[in-house]
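Participant: show me the folded form of this:
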Amino acid sequence: MADSNNHIKIIAGADDFGTPLKDALLSHLRSLNIQVEDLGTSSYYSAGAEVGRRVSQSISSSSSEVRGLVACGTGAGVSIFANKFPGVFATTCLTPSDAVNARSINNSNVLAVSGKYTSTETAIEIVNTWLNTPFKSPCPANDNKPWPEEIENFLDKSLVEMPEIGKGEPVDTCAVCCLVKNRELNPIDLIPGGSMKIVRETPTSAFVRFKAGSVEPAHHHTFGHDLVVIEGKKSVWNLTKEERYDLTVGDYLFTPAGDVHRVKYHEDTEFFIKWDGHWDMFFDEDLETGKIAIDKELGLAK
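Facilitator: Sure thing, here's the model as predicted:
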């Protein structure tokens, strides 16, 4: 083991499946006088994320080189979560050749290992190789030959470009709204002003829009349904229960199967609705009767 590795600090974490291997590797690293920090045992996503976070924070704040070591059953999950943080290049290595490639091509700073499929002896060989392989060194992926100058330049640029991926791109914080973007909603032939897009069948989920002023006359379904208002304002009259609900953005309503209800849309309104079974709708009155009844309820009847 090269003396140059004495300036490296290793932050390590693992889940239950990876802890025995992680502990063995930390013991090996300590025997080489390499500084280690053991974050203990947690879930594979927490272990990977915390090591990734700590390595990412150290990139601009630490005078010494900080790398990470993560272990779970396969080595894949911890690697995925560690890679969520800027400047972290976590790679799962099952062989020493993987470790050479990861360091040479990717400048890997977090090593992920498999507690279920890698022996302690092989893992020690992997970590030694990973520590001692410089970035851009000859590796099995290049038949162990030196990299051509144009590839070396590409690798150098990648270290600057990769952390910038995703920066500046707009992020919609509403996961529900993201689902409906670029989806065409189809008109509801039974009710003027309405359109719907079913996004999942049985149990069924859909996005529904109604134009301001639209009315759903009294009707019922063979299924109960949950809805959440995403945009706009509407009123629902449950005629079976003799109750009225005025709903706006973020409001939730459950209507049981068979309950007869009318709806009035005061603004352009969009909502997400979910029910068990296939879509059906049985009218208990015609549209004009429904409009008259709603206007009377709202004091708009002439």
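
Participant: residues in contact with E297?
Facilitator: By Cβ atoms under 8 Å, 6 or more residues apart in numbering, the residues touching E297 are 237, 244. Every residue, glycine included, has its C-beta placed from N, CA and C.

Participant: that one and R244, how far apart?
Facilitator: Relative to R244, E297 is positioned 8 Å away (criterion: Cβ to Cβ, to the nearest Å).

Participant: just L131 next, same as before
Facilitator: 70 Å.

Participant: which one's more surrounded, the two?
Facilitator: The neighbour count for L131 versus R244, taken as other Cβ atoms under 10 Å, is higher for L131 (20 against 13).

Participant: what's in contact with stretch 247-254?
Facilitator: With Cβ under 8 Å, 6+ apart, stretch 247-254 has contacts from 224-236, 245.

Participant: do that again at 7 Å, thanks
Facilitator: By Cβ atoms under 7 Å, 6 or more residues apart in numbering, the surrounding residues in contact with stretch 247-254 are 224, 226-231, 233-234, 236, 245.

Participant: dump the C-alpha coordinates for that stretch into CSV.
Facilitator: Extracted C-alpha coordinates of stretch 247-254, given in CSV (Å, rounded to 0.1, in the frame of the first residue of the first chain):
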residue,chain,number,x,y,z
LEU,A,247,-63.8,22.7,-2.3
THR,A,248,-60.7,24.6,-3.4
VAL,A,249,-57.0,23.9,-4.1
GLY,A,250,-55.7,21.1,-1.9
ASP,A,251,-59.2,20.0,-0.6
TYR,A,252,-60.1,16.3,-0.5
LEU,A,253,-63.5,14.6,-0.8
PHE,A,254,-64.7,11.0,-0.7
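
Participant: that one: which residues count as buried?
Facilitator: Neighbour-count burial for stretch 247-254, counted by 16 or more other Cβ atoms under 10 Å, picks out 247, 253.
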